[in-house]
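Novice: mind folding the following:
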Amino acid sequence: MEGKAPTCTEEGVSDEKYCTVCNEVLQKPMVIPATGHTAKAVPGYEPTCTEEGRGDGEVCTVCNAVLIEQIVIPSLG
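Specialist: The predicted model follows:
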């Protein structure tokens, strides 16, 4: 059985190894824990008179999941 690599949020499974002659299982599949997210800061920016701004946020550098959403700061008008 071929294994599956873990992701940020899902566990993986190692390969099952067996004898090609008698098919005896030499190594059973083992669970590999999820790796967890690798956070990267996304800096916010100030609003202007005509453009809205954003607060600071975070994303995962591996899967691009938004970990902390940037809040919208209304334009100054």
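Novice: wait, Thr7 sits on Ala34?
Specialist: Yes: the pair Thr7 and Ala34 qualifies as a contact (CB atoms under 8 Å) at a distance of 6.5 Å. For the C-beta atoms, the positions are set from N, CA and C on the backbone; glycine is no exception.
Novice: in the chain, which spans are strands?
Specialist: Counting by DSSP state E, residue ranges of the strands within the chain are 12-13, 17-18, 25-27, 31-32, 39-42, 53-54, 57-60, 66-68, 72-73.
Novice: could you say what helices and strands the first one packs with?
Specialist: To tie it back to what came earlier, the one meant is strand 12-13. Other elements packing on strand 12-13 under the criterion 3 or more CB pairs under 8 Å, 6 or more residues apart in numbering; DSSP states H and E are strand 31-32.
Novice: pLDDT weak spots in this protein?
Specialist: For the chain, no stretch has pLDDT under 70.
Novice: can you redo the strands of the chain as JSON lines with distance to Met1 and mean neighbour count?
Specialist: Shown next, in JSON lines, are those (distance: least, CB to CB, whole Å; neighbours: other CB atoms under 10 Å):
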{"stretch": "strand 12-13", "distance to Met1": "8", "mean neighbour count": "16"}
{"stretch": "strand 17-18", "distance to Met1": "9", "mean neighbour count": "14"}
{"stretch": "strand 25-27", "distance to Met1": "10", "mean neighbour count": "10"}
{"stretch": "strand 31-32", "distance to Met1": "13", "mean neighbour count": "12"}
{"stretch": "strand 39-42", "distance to Met1": "33", "mean neighbour count": "14"}
{"stretch": "strand 53-54", "distance to Met1": "46", "mean neighbour count": "16"}
{"stretch": "strand 57-60", "distance to Met1": "29", "mean neighbour count": "17"}
{"stretch": "strand 66-68", "distance to Met1": "33", "mean neighbour count": "13"}
{"stretch": "strand 72-73", "distance to Met1": "48", "mean neighbour count": "14"}
